[in-house]
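Chemist: Next come a sequence and a model predicted from it.
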Amino acid sequence: MTQQTGREGDGTRRVVLLMGMTLDGFNAGGWTPRAARSEDSAEMFDEVWRQLETVDTFLMGRVSFELWQRHWPALATNPASSDFEKQFSRYVDDIQKVVYSHSLTSASWRNSRLATGSIADDVARMKQAPGRDMIIAGGGRIAAAFGEAGLIDEYRLWLHPVIAGHGEPLLGKLERHQELKLLEAKTFRSGGITLRLSR
């Protein structure tokens, strides 16, 4: 069962990669497959919320942060938004967001903080503070930066039934072999699979 906070009971906050991935290892651009039918998407959205239960912080790069800031807040009150879009809009507005960037000068989105220094140092400080899990959300570049620095404690991967053939490698250029422990696997009617693995 997913722990509400920390690594298997030791009280340490985890850095969790929660992203969609194609079969050939590229960033899939979302958690749920684009070809999923609406009745299948509901099943997957329930799993999204379950996986977010342990989380109190989103970790993002500049591109994803600015894209999400333009996209999500307005969906809370848009009559054309789905129930999931309205709920997630309010959720992402309320949650703590940390954006890592050397080009931004400020982060004006509600409950957001700009971090311009070392990602590793910033993560180490946050791990010493009380709180719940922190998820890497948004784009492949920030995921690759965390992966290449060895900062990911747990992987919650949404594997899409797609071979992209090209794109942005989700885990970056890893230079050493890593053995992971499979904690959980779940399949969906859409053909998607979620995998939860830890170091």
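Modeler: Looks like it arrived, so ask away.

Chemist: Which strands and helices lie in contact with the helix ranked longest in the chain?
Modeler: Longest helix in the chain, counting residues (DSSP state H): helix 38-52. In terms of contacts (3 or more C-beta pairs under 8 Å, 6 or more residues apart in numbering; DSSP states H and E), helix 38-52 is packed against helix 83-94, strand 193-198. Glycine gets a C-beta too; all of them are placed from N, C-alpha and C.

Chemist: ok, now with 10 Å
Modeler: strand 15-21, helix 83-94, strand 133-136, strand 154-159, strand 181-187, strand 193-198 (3 or more C-beta pairs under 10 Å, 6 or more residues apart in numbering; DSSP states H and E).

Chemist: any idea which of these is most buried?
Modeler: strand 133-136 (a mean of 25; mean count of other C-beta atoms under 10 Å).

Chemist: and whichever helix or strand comes after it, average pLDDT?
Modeler: As assigned by DSSP states H and E, the chain's next helix or strand after strand 133-136 is helix 140-148. For helix 140-148, mean pLDDT is 87.

Chemist: how far out from the middle of the chain is helix 140-148?
Modeler: With C-alpha atoms, centre = their mean, to the nearest Å as the basis, helix 140-148 stands 11 Å off its chain's centre.

Chemist: just to revisit the earlier point, hmm, who's touching the longest helix of the chain?
Modeler: 2, 16, 18, 31-33, 36, 58, 82-85, 87-88, 91-92, 95, 133, 135, 137, 156, 158, 184, 186, 188-192, 194, 196 (C-beta atoms under 10 Å, 6 or more residues apart in numbering).

Chemist: Repeat the analysis, applying 6 Å as the threshold.
Modeler: Residues from elsewhere that reach helix 38-52, judged by C-beta atoms under 6 Å, 6 or more residues apart in numbering: 31-32, 84, 156, 188-190.

Chemist: Tabulate the CA atom coordinates of the one helix or strand in the chain whose mean pLDDT sits lowest in CSV.
Modeler: Least confident helix or strand, the chain: helix 38-52 with a mean of 83, by mean pLDDT, DSSP states H and E. Included here for helix 38-52 are C-alpha records, laid out as CSV according to Å, rounded to 0.1, in the frame of the first residue of the first chain:
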residue,chain,number,x,y,z
SER,A,38,-14.1,8.8,-22.2
GLU,A,39,-15.4,5.8,-20.3
ASP,A,40,-11.9,4.5,-20.0
SER,A,41,-10.4,7.9,-19.0
ALA,A,42,-12.6,8.0,-15.9
GLU,A,43,-11.0,4.8,-14.6
MET,A,44,-7.6,6.3,-15.1
PHE,A,45,-8.5,9.6,-13.5
ASP,A,46,-9.4,7.8,-10.4
GLU,A,47,-5.9,6.3,-10.3
VAL,A,48,-4.4,9.8,-10.9
TRP,A,49,-6.1,11.0,-7.7
ARG,A,50,-5.0,7.9,-5.8
GLN,A,51,-1.4,8.5,-6.7
LEU,A,52,-1.6,12.2,-5.7
